[in-house]
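Undergrad: here you go, sequence then predicted model.
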Protein chains: 2
Amino acid sequence: MTEVKRTGQHVRSRLSRARVLQTAVAVADQGGIGALTIRTLAQELGVKPMSVYYYVLNKEAILDGIVDNVFSEIVLPRVGADWRAEMRRRAHSVRTVLGRHSWAIGLLESRPRPGPATLRHHDAVLGTLRSAGFSREMTAHAYALIDSFSYGFALQEASLPFEAQHIVADGSEPDATLFTDDQYPHMAAMVSEHYVQPGYRFSDEFDFGLNLILDALDATLSVD
Amino acid sequence: MTEVKRTGQHVRSRLSRARVLQTAVAVADQGGIGALTIRTLAQELGVKPMSVYYYVLNKEAILDGIVDNVFSEIVLPRVGADWRAEMRRRAHSVRTVLGRHSWAIGLLESRPRPGPATLRHHDAVLGTLRSAGFSREMTAHAYALIDSFSYGFALQEASLPFEAQHIVADGSEPDATLFTDDQYPHMAAMVSEHYVQPGYRFSDEFDFGLNLILDALDATLSVD
DNA sequence: TTCCGCTTTCGTACTATGTATGGTAACGTC
DNA sequence: GACGTTACCATACATAGTACGAAAGCGGAA
């Protein structure tokens, strides 16, 4: 199970906080956050359960840690560069990363203590907006708005009841009964006439919303 | 503990799916979602643990159910009425309700099967937008945008690291070290010069973002 | 009243999980 | 080689969800 080690030299498989967190992310990615238990984590690490407690205080600390790990995957906007391009790049990164680790979205609500990567991230966003000429007030506005949209979009994507896959892959219409139901006429109409239409992908809504927001924010800059 | 019952008449405390879910919401509101266990729930219902399984398939079903219960608290937009007023009213309701039951935000990600209240809700939103004159395409855009913002804002509020309470009530500055740190200069500046300033409340950002979004959506209507 | 069958509630017990407590093994240093 | 420090682990306990099947309450039929 463990690796060979030579005099004073560990060849591999040395535990560390970083390895614990990385592996925890991998486990959650694979089986959802519910699959992340101390025991599965230890197994994946090739180690016995109690060993992980040498590197982490408790499971809560692991959750805090992996959320911060996820944040570290998000691309940092470059302070001083064109703010729209940077904000767009970052927003797309948020969506991609939170899509890859959708369990992290659910963890956000209940984790009020940000880690270093999270702070570094926020710092870069604020810096980019400020250096673009936004006032402190407008920076706060823009920051809350862009993040709300990005997180909320990721949250919606994670909980989508119908996905292209379902609809296409599933021979039988998926819960069509639910939507075709007369109880929800507008929904039924939108689903049949728009959402399930060939070209439609919910993910495309991201760019629409983001552009609308960035345009409107941009407008406040030139007025100012 | 249980109530008196007369011949054929139960005076109170009869279990039911509705009562189970209501109580579950109450328990989660009080102690967080972590406090919601079958045993605490049963206790609160004045019943033994296994009794709740007569009304619910399993704990997952309870979680699905309470999320739908939360949605039922959100005010429905009135189809046909002034869409901006209705959307604003609904968005505020979303924020209020999700603020009251912030554990529900974390549950959303992982619960792709909406309940009846949720569907009714979405139906009303879609109907309101459609009857306001938005095309199907624009309705889909607007719907995704408004909801992303609302959910995301609630999510951010739930995970705010600094709250007026903390800052005011806590004699000792709360983790001021974190923010004053030179590592995060822009953040430190924004915190000290804006966020902790007397008049500032994060919750006010909601109206800014919402107005910006509604204005921009409105503009597409008149152009059309 | 007694019996019966249905609905509702519960007792017991098994498995999984987080983790407290205190080992034990490995390793660098003298 | 002895020893303190670091890294890992064995055991055990409290708490979780819930399978399984029994019991208790009820309305009506006999």
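TA: Arrived safely. Predicted model, so just to flag it, every value in this text is computed and none were measured.
Undergrad: excluding sequence neighbours, find me the nearest residue to the most centrally placed residue in chain A.
TA: With distances taken as C-alpha atoms, centre = their mean, A:Leu98 lies nearest the centre of chain A, 1.6 Å away. Spatially, and ignoring its direct neighbours in sequence, A:Leu98 is nearest to A:Ala154 (3.8 Å; C-beta to C-beta, 6 or more residues apart in numbering or on different chains). Using the backbone N, CA and C atoms, a C-beta is placed for each residue, glycine as well.
Undergrad: please, where are all the helices along chain A?
TA: Remark: helices assigned in chain A by DSSP state H are A:17-31, A:38-45, A:59-73, A:83-100, A:103-108, A:116-131, A:136-158, A:164-169, A:176-180, A:185-190, A:205-223.
Undergrad: closest to B:Ile62 out of those?
TA: Closest approach to B:Ile62 among the helices of chain A is made by helix A:103-108 (16.4 Å; C-beta to C-beta).
Undergrad: separation between the residue nearest to A:Ser16 when sequence neighbours are not counted and A:Ala24?
TA: Nearest residue to A:Ser16, sequence neighbours excluded (C-beta to C-beta, 6+ apart): A:Tyr55, at 6.5 Å. Distance, A:Tyr55 to A:Ala24, by C-beta to C-beta, to the nearest Å: 11 Å.
Undergrad: chain center to stretch A:185-197: distance?
TA: 28 Å (C-alpha atoms, centre = their mean, to the nearest Å).
Undergrad: let me see the mean pLDDT of that stretch.
TA: Averaging pLDDT along stretch A:185-197 yields 94.
Undergrad: what residues of it count as buried?
TA: Across stretch A:185-197, burial judged by 16 or more other C-beta atoms under 10 Å in any protein chain shown covers A:186-191, A:194-196.
Undergrad: what's around the nearest residue in space to A:Arg130 that is not next to it in sequence, how many residues?
TA: Nearest non-adjacent residue to A:Arg130, counting by C-beta to C-beta, 6+ apart: A:Thr139, 5.5 Å away. Residues lying near A:Thr139 (other C-beta atoms under 10 Å in any protein chain shown) number 22.
Undergrad: can I assume A:Thr139 is in contact with B:Val191?
TA: No - contact criterion C-beta atoms under 8 Å: A:Thr139 and B:Val191 do not qualify, at 11.9 Å.
Undergrad: mind checking how far the nearest residue to A:Val70 once chain neighbours are set aside is from A:Gly115?
TA: For A:Val70, ignoring the flanking residues on the chain, the nearest one in space by C-beta to C-beta, 6+ apart is A:Ala104 at 4.5 Å. According to C-beta to C-beta, A:Ala104 stands 12 Å off from A:Gly115.
Undergrad: please say which of those two ends up with more neighbours.
TA: Taking neighbours as other C-beta under 10 Å, A:Ala104 and A:Gly115 compare with A:Ala104 leading, 26 against 18.
Undergrad: ok, now which ones touch that one?
TA: By C-beta atoms under 8 Å, 6 or more residues apart in numbering or on different chains, the residues touching A:Ala104 are A:28, A:66-67, A:70, A:98.
Undergrad: let me know the pLDDT of the residue of chain A found nearest chain B.
TA: Nearest to chain B, among the residues of chain A, is A:Gly152, at 2.7 Å (C-beta to the nearest C-beta). In this model, A:Gly152 is scored at 98, pLDDT.
Undergrad: OK, contacts around the residue nearest to it when sequence neighbours are not counted?
TA: Nearest residue to A:Gly152, sequence neighbours excluded (C-beta to C-beta, 6+ apart): B:Gly152, at 2.7 Å. By C-beta under 8 Å, 6+ apart, the contact list for B:Gly152 reads A:147-153, A:155.
Undergrad: again, 6 Å this time
TA: Shown in contact with B:Gly152 (C-beta atoms under 6 Å, 6 or more residues apart in numbering or on different chains): A:148-149, A:151-152.
Undergrad: A:Glu86 too?
TA: Here A:Glu86 is in contact with A:77-78, A:128 (C-beta under 6 Å, 6+ apart).
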